[in-house]
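>>> Mind folding the following:
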Amino acid sequence: MQNTSNFEYITNAKVINIKSEMLFRQAEDELFYNNEINSAQKKLELSVKLTPAYLKSIILLADIYFLKGKIKKALDLYHRANKINPKNLKVLSSLCNAYYVLNNYEQTLKYYNLAVENIKNIEDSIFLSQLTEIKIDVLIQQKQYQKAYALYAQMQNTSKRKFLKNILDKKIKLKNKLFRSNLRIV
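The predicted structure is shown next:
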């Protein structure tokens, strides 16, 4: 039976080699559970070779290169991923971070702005706080202290508001759920 409800996994190539998916999952397990970064890298390189437009494998392989300090190789893969999906928040954030590590502040700010434009929901706010820290540091490096301070103050206020709103939303939902269930504390 074919699942036709979600086609986001389909890339420009339209077809993903099943072996690529298997290699990706094995690499994920090796990287995150066994800390076997070299083995994961080899599997991802093969996965990308089999399916050159497989976004998940490209991103994870780029992350491995980044972890290993091969920033330019990682940057090439992030750009490749960006061509496949230009609105992917993870890719845009990774491009911002890679350019930051290379001290290319113009490109860092470019990808910061693109990433911030693509933040759509509260779950993505973790990207916002990390990206904003990078932008603040770039502004300090460029000796734009007033802009850096203003951004820092704005981030503090926004983060506190979202955090409190999340807590209150969860408490209200829990209270409503308890009320609807007709359970009583004895």
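
>>> Show me the helices in the chain, by range?
18-32, 37-50, 55-67, 71-84, 89-101, 105-117, 125-141, 145-181 (DSSP state H).

>>> Now mean neighbour count and mean pLDDT too, for the ones you listed, in CSV please.
Where C-beta positions appear, they are placed from N, C-alpha and C, glycine not excepted. Listed next are these as CSV, based on neighbours: other CB atoms under 10 Å; pLDDT from 0 to 100:
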stretch, mean neighbour count, mean pLDDT
helix 18-32, 17, 90
helix 37-50, 19, 92
helix 55-67, 22, 94
helix 71-84, 18, 95
helix 89-101, 23, 93
helix 105-117, 18, 91
helix 125-141, 17, 84
helix 145-181, 11, 71
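
>>> For the most centrally placed residue in the chain, which non-adjacent residue is closest in space?
Closest residue to the average C-alpha location of the chain: residue 90 at 2.5 Å, with CA atoms, centre = their mean. Leaving aside its chain neighbours, residue 90 sits nearest to residue 59 (6.3 Å; criterion: CB to CB, 6 or more residues apart in numbering).

>>> is it true that that neighbour touches residue 93?
No. Contact criterion CB atoms under 8 Å: residue 59 and residue 93 do not qualify, at 10.8 Å.

>>> Residue 145 - nearest residue in space that isn't next to it in sequence?
Closest to residue 145 by CB to CB, 6+ apart is residue 139, at 7.5 Å.

>>> Show the contacting residues for the one you found.
145, 147, 148, 151 (CB atoms under 8 Å, 6 or more residues apart in numbering).

>>> right, and residue 84 touches residue 53 too?
Yes. Counting by CB under 8 Å, residue 53 is a contact partner of residue 84 at 5.5 Å.

>>> got the contact list for the nearest residue to residue 85 once chain neighbours are set aside?
Once flanking residues are discounted, residue 85 sits nearest to residue 55: 5.9 Å by CB to CB, 6+ apart. Applying CB under 8 Å, 6+ apart to residue 55 gives the contacts 11, 81, 84, 85, 88.

>>> JSON lines for these, including distance to residue 26?
Compiled in JSON lines, the contacts of residue 55 are given as follows (distance: CB to CB, whole Å):
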{"residue": "11", "distance to residue 26": "20"}
{"residue": "81", "distance to residue 26": "20"}
{"residue": "84", "distance to residue 26": "22"}
{"residue": "85", "distance to residue 26": "23"}
{"residue": "88", "distance to residue 26": "23"}
